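K.L.:
build me a structure from this.
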Amino acid sequence: MARKKTITRDQILKAAYEVVAKEGFSKFTARNIAAKMKCSTQPIYLEFKNMDDLKQALLKEIFDYLSAEVLPKDHTGDKLVDLGFNYIKFAIKEKKLYKALYLEESLDDHSLQKFSFDYFVQLVQQDPEYKDLPEDKLSALYAGFWIIVTGLAALTSANIMKPSDEEIEILLTETVKNLTTNNDKLNQTFSGFKFH
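P.N.:
Sure thing, here's the model as predicted:
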């Protein structure tokens, strides 16, 4: 009779999430995840082809969490300002996970950049004010927005800056206003930025 599985796929994903959220992707190993579950590495390899397969499944879970629970919260009614605000609040609240996702180089793929860009485009296309932007202006808006928001998120997450919610909203509102007006110089500057 075959042995019954005692460790489930969900338990492995939960343990992997805890490792990354507390220690970053540099500690994302089968041994560390198994230690978190107090078992051998065997259940991991029974559920996943390899560690990359587990990483991709974990990233999907994280992206689903970000797009369903973190990023869509409404604060001001301006979708872009709210996106930036929620991203910064995520960086403050979940410092280690934010750092693991957005500041470490250990992801080795472009899935996070693709998720971020696709989420941004989908959000922008829902707003009548932005939905008809040509592709070059959309890319420039994304680049400018991403640079400013990531800078604010990194600085606040590291406690270098401690802006109030109102100050964050004002900064983001002015940033979006400057990026979306017909400021050709800004558009030219940011259209040259590429995210890999």
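
K.L.:
roughly how far is stretch 102-122 from the heart of the chain?
P.N.:
The chain centre lies 7 Å from the centre of stretch 102-122; the measure is Cα atoms, centre = their mean, to the nearest Å.

K.L.:
and the helix or strand encompassing Phe90, what other elements does it pack with?
P.N.:
Secondary structure assignment for Phe90, by DSSP states H and E: helix 79-93. Identification of packing neighbours for helix 79-93 by 3 or more Cβ pairs under 8 Å, 6 or more residues apart in numbering; DSSP states H and E yields helix 111-126, helix 135-157, helix 165-180. No exception for glycine: its C-beta is placed from N, CA and C like everyone else's.

K.L.:
from the contact counts, what lies against the last one?
P.N.:
Put plainly, it is helix 165-180. Packed against helix 165-180 by the contact rule (3+ Cβ pairs under 8 Å, 6+ apart) you find helix 79-93, helix 135-157, helix 184-191.

K.L.:
what do you get if the cut-off is 7 Å, keeping everything else the same?
P.N.:
Contacts defined by 3 or more Cβ pairs under 7 Å, 6 or more residues apart in numbering; DSSP states H and E place helix 165-180 against helix 79-93, helix 135-157.

K.L.:
flag every buried residue along that helix.
P.N.:
Going by neighbour count (16 or more other Cβ atoms under 10 Å), the buried part of helix 165-180 is Ile168, Glu169, Leu171, Leu172, Thr173, Thr175, Val176, Leu179, Thr180.

K.L.:
report the distance from that helix to the chain centre.
P.N.:
20 Å.

K.L.:
list the contacts of that helix.
P.N.:
For helix 165-180, the external contacting residues (Cβ atoms under 7 Å, 6 or more residues apart in numbering) are 76, 78, 80-81, 84-85, 88, 141, 144-145, 148, 152, 186.

K.L.:
most neighbours among these, which one?
P.N.:
Taking other Cβ atoms under 10 Å as the neighbour criterion, Gly84 ranks highest of those with 27 neighbours.

K.L.:
contact partners for that residue?
P.N.:
Contacts of Gly84 (Cβ under 7 Å, 6+ apart): Phe145, Val149, Leu172.

K.L.:
on that earlier part again, tell me which strands and helices the very next helix or strand once past the helix holding Phe90 is in contact with?
P.N.:
Beyond helix 79-93 in the direction of the C-terminus, DSSP H and E gives the next helix or strand as helix 95-98. Applying 3+ Cβ pairs under 7 Å, 6+ apart, one finds that helix 95-98 contacts helix 9-23, helix 135-157.

K.L.:
what's the closest of the ones you listed to Ile62?
P.N.:
helix 9-23 (7.3 Å; Cβ to Cβ).

K.L.:
run the chain-centre distance for the closest one.
P.N.:
Computed by Cα atoms, centre = their mean, the chain-centroid distance of helix 9-23 equals 17 Å.

K.L.:
residues making contact with that helix?
P.N.:
The contact list for helix 9-23 (Cβ under 7 Å, 6+ apart) reads 27-28, 32-33, 36-37, 43-44, 47, 54, 57-58, 61, 94, 96-97, 100.
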